[in-house]
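Colleague: pasting the sequence and the predicted coordinates here, then a few questions.
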Amino acid sequence: MADTKNTILHGRIFPPLIRFAIPLMLAILLQALYGAVDLFVVGKFGDTASVSAVSNGSQIMHTITGIITGLTMGVTVLVGHAVGAKDNDRAARTVGGAIRLFALVTVVITTMMVIFTKEIAVFMNVPAEAMDKTVEYVRICSAGTVFIVGFNAISGLFRGLGNSKSPLLFIGIACAVNIAADLLLVGYFKLDAAGAAYATIFAQAVSVVFSIFKIRHDKLPFPFCKEHIARPEGAQLRILATGGPLALQDCLVSTSFLIILAIINEFGLVASASLGIAEKLFLFLAIVPMSFMSALSAFVAQNVGAHQERRALDAMKIAMAISFVFGLAVAALSVLKGNMLASIFEDDPLVIATAAEYLRSSGLEYAVIAITFCFLGYFNGIGKTTFVMIEGLISSFVFRIPLSYFLSRLPDTNLYIIGFAVPLSALSSLILCIAYFFFVRSRRLRNGGSDTPLPSE
């Protein structure tokens, strides 16, 4: 499953970093298509209320997915450290602990989401016209949480092994199945938002089954048996220590987006649908920095495990340079061509114009996050996930939410004005990352690559 010669640890940095990042970019692109196809198909075959329902419902599910992906980053980092240190037993027990931990997570999340869906929708100020469809969409997706957990956990394992191609294959299968199922259930059978939800769960189920088959066929690059599941020797706690802060961050940051969506929902159905379109576009427009954040987390983790701190730093610098060039281009596209971007998901001229107004101001963030996300990938890789959590919470709850609320209460305000809260909060994140980087860099280099023990050590 892993290359016999691990080029992540040896030789030139640029080629293996790009080879690792490109499949992640494609995977994120397919992930964005996977999430956006629901909105696209419903937008073409349904009404504005249906678009709002899928927009609100998918944002709720994104919060749940964020918790899961945060925890799976713990698996990625710890497996990466073990692989870099050539400690097969620690890698195997990390996998065993992940299986036990995520089984419990699945039960808890599924139960809570199915029971409290209506209360969450009410909290978000979902427009009355879209309330019932939103609740139905979320409940159907929540019932399939086991597939969301399985997909993300297995993908996290593969990234920790230095394999970014298999997760690309998994999401490619899910995306293809989801598109076909959406066209069938929403386009042909007219099941509306509920059909989109069923398509989403079915697609992830197919992908999980395929990924399990691939693991059984290819085998893991280290011995693994039932004893590693029965006796993981504290691996669950190590995963929680590393991935828990990220899970909490993703949960609270996503909650902050729900709060912002609740603020925007007060402006009516058109504003609600417009913000949903802008958030879907983010997954496409931020594809390069997001892929480098994931790539650096695994790349840096393996090099830290092999005590190659300077190589990890050089990888971060290379990723930043590439990401920033793309960030500037995407910021310009978002600001200048918002109407064109919004028209991909919606035919209503009013919704398109409103989404474009929001993109004109919020799109400035893409130049900033191009640098910030690379910092975050580096911090994840060295195990500084607690800082990543703190940074995310400060950006969201100290800057983005208060600014969004303040701007929404100005006289004659609109989505263009409110959108400035986005780049301003992104700038606060960048400042925090720069300050923290200089705080930890000299100590890590002076101490041979580690200032404090990692959870896996």
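Modeller: That came through fine. What you see is a predicted model; the values in this text were computed from it and never measured. Numbering: from 1, shown residues only.

Colleague: what is the burial count for residue 129?
Modeller: Applying other C-beta atoms under 10 Å, we find 16 residues neighbouring residue 129. For glycine as for every other residue, the C-beta is placed from the backbone atoms N, C-alpha and C.

Colleague: do you know how far it is from residue 84?
Modeller: Using C-beta to C-beta, to the nearest Å, residue 129 is found at 53 Å from residue 84.

Colleague: nearest the geometric middle of the protein, what residue?
Modeller: Nearest to the geometric centre of the chain sits residue 66, at 5.9 Å (C-alpha atoms, centre = their mean).

Colleague: measure how far the helix or strand harbouring that residue is from the centre of its chain, please.
Modeller: Using DSSP states H and E, residue 66 sits within helix 48-84. Offset of helix 48-84 from its chain centre (C-alpha atoms, centre = their mean, to the nearest Å): 5 Å.

Colleague: give the rounded mean pLDDT of it.
Modeller: Averaged over helix 48-84, pLDDT sits at 86.

Colleague: distance check, the residue nearest to the centre of the chain against residue 242.
Modeller: For residue 66, the distance to residue 242 (C-beta to C-beta) stands at 16 Å.

Colleague: do the same with residue 435
Modeller: 22 Å.

Colleague: same check, this time on residue 209
Modeller: For residue 209, the distance to residue 242 - C-beta to C-beta - is 28 Å.

Colleague: more neighbours, these two?
Modeller: Neighbour totals were compared for residue 209 and residue 242, and residue 242 leads with 28 against 13 (other C-beta under 10 Å).

Colleague: so that one sits against residue 74, correct?
Modeller: Yes: between residue 242 and residue 74 a contact is recorded at 3.8 Å, counting by C-beta atoms under 8 Å.

Colleague: per-residue confidence for the residue sitting furthest away from the middle of the chain?
Modeller: No residue in the chain sits farther from the centre than residue 411, which is 35.0 Å out by C-alpha atoms, centre = their mean. Listed pLDDT for residue 411 reads 91.

Colleague: next, it: secondary structure please.
Modeller: Look at residue 411: counting by DSSP: H, G, I helix; E, B strand; the rest coil, its state is coil.

Colleague: all numbers from here: first residue = 11
Modeller: Happy to do that; since the first residue is 11 now, the last one works out to residue 421.

Colleague: so how far is residue 285 from it?
Modeller: Taken as C-beta to C-beta, the span from residue 421 to residue 285 is 21 Å.

Colleague: which neighbours do residue 252 and residue 84 share?
Modeller: The contact sets of residue 252 and residue 84 overlap at residue 395 (C-beta atoms under 8 Å, 6 or more residues apart in numbering).

Colleague: pass me the low-pLDDT residue ranges in the protein, would you?
Modeller: Within the chain, the set of residues satisfying pLDDT under 70 comprises 11-16, 45, 452-467.

Colleague: check which helix or strand covers the nearest residue to residue 326 once chain neighbours are set aside.
Modeller: Nearest non-adjacent residue to residue 326, counting by C-beta to C-beta, 6 or more residues apart in numbering: residue 388, 4.4 Å away. Using DSSP H and E, residue 388 sits in helix 375-391.

Colleague: report the inter-axis angle for that helix versus helix 58-94.
Modeller: Here helix 375-391 runs at an angle of 40 degrees relative to helix 58-94 (axes from the mean of the first three to the mean of the last three C-alpha atoms, to 10 degrees).

Colleague: please point out which parts of the helix or strand that comes right after helix 375-391 sit buried.
Modeller: Going down the chain from helix 375-391, the next helix or strand is helix 395-403, by DSSP H and E. If you call a residue buried by 16 or more other C-beta atoms under 10 Å, then helix 395-403 has these buried ones: 395, 396, 397, 398, 399, 401, 402, 403.

Colleague: stretch 227-237 too?
Modeller: For stretch 227-237, the neighbour count (16+ other C-beta under 10 Å) marks 230, 231, 232, 234 as buried.

Colleague: report the separation between the first one and residue 173.
Modeller: Taking C-beta to C-beta as the criterion, residue 230 is separated from residue 173 by 11 Å.

Colleague: can you show me the CA trace of stretch 56-70 as PDB?
Modeller: Output in PDB follows, covering the C-alpha atoms of stretch 56-70 (Å, rounded to 0.1, in the frame of the first residue of the first chain):
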ATOM      1  CA  GLY A  56     -36.700  22.400  -7.600                       C
ATOM      2  CA  ASP A  57     -37.600  25.900  -6.300                       C
ATOM      3  CA  THR A  58     -35.800  28.400  -4.100                       C
ATOM      4  CA  ALA A  59     -37.200  26.800  -1.000                       C
ATOM      5  CA  SER A  60     -35.500  23.600  -1.900                       C
ATOM      6  CA  VAL A  61     -32.200  25.300  -2.600                       C
ATOM      7  CA  SER A  62     -32.400  26.900   0.800                       C
ATOM      8  CA  ALA A  63     -33.200  23.600   2.400                       C
ATOM      9  CA  VAL A  64     -30.200  21.800   0.800                       C
ATOM     10  CA  SER A  65     -28.000  24.800   1.600                       C
ATOM     11  CA  ASN A  66     -29.000  24.900   5.300                       C
ATOM     12  CA  GLY A  67     -29.100  21.100   5.600                       C
ATOM     13  CA  SER A  68     -25.700  20.600   4.000                       C
ATOM     14  CA  GLN A  69     -24.200  23.200   6.300                       C
ATOM     15  CA  ILE A  70     -25.500  21.300   9.300                       C
END
